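Student: give me a 3D structure for the following:
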Amino acid sequence: MVVEQINNEVVIRLPSYVHFEALQRMIDLISLKEANARSVATQEDIDQLAKDVKKGWWEKQGSRYLK
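Tutor: Numbers count the residues shown, from 1 in each chain. As a prediction, the model looks like this:
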C-alpha cells in the first residue's frame, strides 16, 4: 500500500487482491466522516430530522404493517 499527497488530494494505491467490498465499506465510512466534519447541524437538528423521517415513513408505509 502506498499513500501519497498530491496537490490537494490524498492518493491511496492498493494491490488488486484487496477485498473490494471491504474497501468500499471503508470508503463509505470515510465519506460519512467527511460529511459530518463539514456539517453545522446540531444534535437537536439531527433528532428532529430523524423524527420527521420516521413520521413520514409511517404515514406512507404503516398501513402495510398494521392490518
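
Student: at the geometric centre of this protein, which residue do we find?
Tutor: L32 (3.7 Å; CA atoms, centre = their mean).

Student: what about the longest helix in the protein?
Tutor: The longest helix of the chain (DSSP state H) is helix 43-65.

Student: for it, give me every contacting residue.
Tutor: Helix 43-65 is contacted by residues A41 when judged by CB atoms under 8 Å, 6 or more residues apart in numbering. C-beta coordinates here come from the backbone N, C-alpha and C atoms, glycine included.

Student: put the alpha carbons of that helix into CSV.
Tutor: Extracted C-alpha coordinates of helix 43-65, given in CSV (Å, rounded to 0.1, in the frame of the first residue of the first chain):
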residue,chain,number,x,y,z
GLN,A,43,-27.9,17.3,17.8
GLU,A,44,-31.4,18.9,18.0
ASP,A,45,-31.5,19.3,14.2
ILE,A,46,-30.5,15.7,13.7
ASP,A,47,-33.0,14.4,16.2
GLN,A,48,-35.8,16.5,14.5
LEU,A,49,-34.8,15.2,11.1
ALA,A,50,-34.9,11.6,12.4
LYS,A,51,-38.3,12.2,13.9
ASP,A,52,-39.6,13.7,10.6
VAL,A,53,-38.3,10.8,8.5
LYS,A,54,-39.8,8.2,10.8
LYS,A,55,-43.1,10.0,10.8
GLY,A,56,-43.1,10.3,7.0
TRP,A,57,-42.2,6.6,6.7
TRP,A,58,-45.0,5.5,9.0
GLU,A,59,-47.5,7.7,7.1
LYS,A,60,-46.6,6.1,3.8
GLN,A,61,-45.8,2.5,4.9
GLY,A,62,-47.6,2.0,8.2
SER,A,63,-50.8,0.5,6.8
ARG,A,64,-48.8,-2.3,5.2
TYR,A,65,-47.7,-3.4,8.7
